[in-house]
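1. Okay, structure incoming, though there's no sequence with it:
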């Protein structure tokens, strides 16, 4: 079966679930697997819409919660939707705001009916139900929208997870019932890191008829990578293979390469731009930190293999100088390189799938690419959790707070 | 007489000193009058070299003091000079660092021989003489370099001013004696706001044989505008009319229009980019502050008359949103608009001089353009002075500390 908005075009025999395809949205068709840069507040940090086009991005993801609070939906509607507001003519996905309400909002009160919370910006009180979350995303004019969900933090008990999952399922049904424009609605799987809950959630979400896509949520919240992939595998295996599948908030280079093999069609993550703003640049051998003293007088580009604006024009020494001097240009150049690296990686992944060489590519990539140290990563996430709990004790701790 | 590096090409009769010309430098010829955007740390804040080209900038000014301290001259030499380092093939001017040492450095000890100071970055001790300042600028590969000077703050006594002026004259002679590459050396006039000192300084500086240009320093430090223009007029009237004249650190739109009429050929100022980063945008009627609530839902461009990237692509509502959300893109868009406004203004000024309509243009421009309130401006500068005196009591207070 081929859905009218999603064509899976790889025909070669394969032993993984990697697939290439086309996702057809109101603002254009995107080739999958694809990565969606995150433009939380109607801008991918440090970049204009025109910069994104030059990077080869043709879809981004923004955030309903942030835009609802600021500048407000009526202003964006007046601009002709998010596309007009940010002058971007290509597809836009939006996250529903469930995650941000749980992680950013204050005095959050969650009932089965809806969420009442105080804005993290000005303390004003707001009320969001699944119906309102869908209405907001439709008024934003997004091409791909997400059902309203209730994610909880890694380490929650199975009873907490079950309660939040059941609520998420109910909200997914209500989201689908209220969805009424030509956007593609993705329903979000939750269930934490308990295999049985995850499977139950995936099957429930898959059973929602009037939903066009599947999103996997509630991961990359501090669990080990092996657990992340186990949950992704359970989720993908439990849903209709014809629907497009999005993995929310996951997107280091090795994650993208591995995720594609597990059947993920689209990804979004703040990581490339966030670490780019901190001087961490992707190469095929792993990240390099450009502020390292060894690059002080290094006149080579950051990455010899890269065709991006940053690598085509500037040396490691110059970029290091910009970071050490805290110049704004540093953050833009870092974001450009890392996003271009990811766009090129996705392009290579798509080609390898089409040519039946994905597994070979994955093997070479993973043997060359040195991921960020997992122990250090876990430790860092714990620190973030502590920080978040200090500032907002009522709310589960989450990553991804800046974007 | 026509100098080999400066051609004055306007032939029309005129009752002002406005003149158009060509300044020929090792990295190319620039049309004058011209404005030099400030790239203190080898970047105009928020913009790449390629952004500057698109704005129609063909010369910038950087800063020897900042680059000497960070990243260090040897690194920039290794990159092929400042042009190679920042990937900019057009002319570059550098300021010698006298102003920055006086305003930014710590524990400054000024003798007639040289200045000893502590770096404002890491507290390391440095020693700069006129000869070293020239050597640094030559090693940077700048096209236009400045003599080493000793500016003092507005409000200094005539004896302080005379001492600093005499030192500046001695240093200008030593700067000229040590200048030995094909760059154009500009010697700096000081003398504060005392007409007799200013005239004496201008005549002395004009008498230095092996110096190619005249720079007017020590102004825009808190004095009233009428005093600024009186000092500029005295300076210009006291020097050889064939040499190019640069006015240091002056550059609001009305300043550029007025300064041109007093015979200034080139200007530099951080103002367009600094205020652009704060949401203040130039229009021909004056500045507008885009963060004002009245622009919340305004879908017009910032400036209907402007052809810049910002005005061509984004609405006031979107730009206001970026500023309110403290998004990096806001600072870039503000800098782009304001610099393009200034570039267009300079282009109009050049054309009006060539066509003999400068006075008419000035009259129309000044009747339409509402400058920032002078009383408020003066008050603001006093506040900066107090702040600077608190953090660095030994050193006279100055503006322009950020760039």
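-> All right, it came through fine. Predicted model only: the values in this text are computed from it and were never measured.
2. From here on, just use CA atoms for contacts and neighbour counts.
-> Fine.
3. can you tell me which helix or strand residue A:193 belongs to?
-> Using DSSP states H and E, residue A:193 sits in no helix or strand.
4. Just give me the neighbour total for it.
-> 22 (other C-alpha atoms under 10 Å in any protein chain shown).
5. next one: residue A:57
-> The burial count for residue A:57: 22, using other C-alpha under 10 Å.
6. Just say helix, strand or coil for it.
-> Put simply, residue A:57 is coil when judged by DSSP: H, G, I helix; E, B strand; the rest coil.
7. again with residue A:162
-> helix.
8. who touches stretch A:329-342?
-> Stretch A:329-342 is contacted from outside by A:35, A:37, A:45-47, A:55-56, A:253, A:272-283, A:306, A:308-311, A:319, A:322-323, B:43, B:45-48, using C-alpha atoms under 8 Å, 6 or more residues apart in numbering or on different chains.
9. cool, stretch A:201-217 as well?
-> By C-alpha under 8 Å, 6+ apart, stretch A:201-217 touches A:146, A:151, A:165, A:169, A:172-173, A:176-177, A:184-191, A:232, A:234-236, A:238-240, A:243-249.
10. coming back round to it: PyMOL command to pick out the buried ones of the contacts of stretch A:329-342?
-> Provided next is the PyMOL selection string for whichever of those are buried by 16 or more other C-alpha atoms under 10 Å in any protein chain shown:
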select buried, (chain A and resi 35+37+45+46+47+55+253+272+273+274+275+276+277+278+279+280+281+282+283+306+308+309+310+311+319+322+323) or (chain B and resi 43+45+46+47+48)
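11. I'd like the list of the contacts of stretch A:329-342 that fall within helices, please.
-> A:253, A:272, A:273, A:274, A:275, A:276, A:309, A:310, A:311, A:319, A:322, A:323 (DSSP state H).
12. List, out of these, those positioned next to chain B.
-> Near chain B, taking C-alpha under 8 Å from any C-alpha of the partner chain as the test, the members of the ones in helices among the contacts of stretch A:329-342 found are residue A:322.
13. Out of the ones in helices among the contacts of stretch A:329-342, name the two that are farthest from one another.
-> The distance between the two most remote of the ones in helices among the contacts of stretch A:329-342 (C-alpha to C-alpha) is 25.0 Å, for A:253 and A:322.
14. what residue ranges in the stretch 1-150 of chain A score low on pLDDT?
-> Scanning the stretch 1-150 of chain A for pLDDT under 70 picks out A:1-2, A:10-13.
15. For it, which residues are neighbours of chain B?
-> Proximity of the stretch 1-150 of chain A to chain B (C-alpha under 8 Å from any C-alpha) is limited to residues A:41, A:43, A:45-48, A:70-71, A:75, A:78-79, A:85-87.
16. Which residue does the stretch 1-150 of chain A have closest to chain B?
-> residue A:46 (4.8 Å; C-alpha to the nearest C-alpha).
17. correct me, but that residue touches residue B:327?
-> Yes. Using C-alpha atoms under 8 Å, residue A:46 makes contact with residue B:327 at a distance of 7.1 Å.
18. what is the mean pLDDT for stretch A:314-333?
-> If you average the pLDDT over stretch A:314-333, you get 98.
19. neighbours of residue A:4, just the number please.
-> 9.
20. backbone phi and psi for it, please?
-> With angles defined as degrees, to the nearest 10, residue A:4 sits at phi -70, psi -20.
21. Nearest the geometric middle of chain A, what residue?
-> With distances taken as C-alpha atoms, centre = their mean, residue A:268 lies nearest the centre of chain A, 2.1 Å away.
22. ok now the helix or strand hosting that residue, how far from the chain's centre?
-> Secondary structure from DSSP H and E places residue A:268 in strand A:266-269. Put simply, strand A:266-269 sits 4 Å off its chain's centre (C-alpha atoms, centre = their mean, to the nearest Å).
23. picking that back up, what bridges to the residue nearest to the centre of chain A?
-> Beta-bridge pairing of residue A:268, defined through DSSP bridges, involves residue A:36.
24. That one is in contact with residue A:38, isn't it?
-> Yes. The pair residue A:268 and residue A:38 passes the contact test of C-alpha under 8 Å, sitting 6.5 Å apart.
25. what's the overlap in contacts for these two?
-> In contact with both residue A:268 and residue A:38: residue A:61, using C-alpha under 8 Å, 6+ apart.
26. List the contacts of the residue lying farthest from the centre of chain A.
-> Going by C-alpha atoms, centre = their mean, the residue of chain A most distant from its centre is residue A:297, 35.8 Å out. Residues in contact with residue A:297 (C-alpha under 8 Å, 6+ apart) are A:316, A:317, B:75, B:78.
27. Just say helix, strand or coil for the third one.
-> Meaning residue B:75. Relying on three-state DSSP, one would call residue B:75 helix.
28. who's in contact with it?
-> Here residue B:75 is in contact with A:296, A:297, A:317 (criterion: C-alpha under 8 Å, 6+ apart).
29. what do you get if the cut-off is 10 Å, keeping everything else the same?
-> Contact analysis of residue B:75 by C-alpha atoms under 10 Å, 6 or more residues apart in numbering or on different chains lists A:296-299, A:317-318, A:321, B:67-68, B:81-82, B:85, B:140.
30. again, but for the first one
-> The contact partners of residue A:316, by C-alpha under 10 Å, 6+ apart, come to A:290-291, A:294-303, A:310, A:322.
31. any idea how far residue B:86 is from it?
-> Using C-alpha to C-alpha, to the nearest Å, we find residue A:316 at a distance of 11 Å from residue B:86.
32. for the last one, same thing?
-> Distance of residue B:78 to residue B:86, computed by C-alpha to C-alpha: 12 Å.
33. In terms of packing, which of those two has more residues around it?
-> residue B:86 (22 against 16).
34. now that one: how far from residue B:328?
-> 21 Å.
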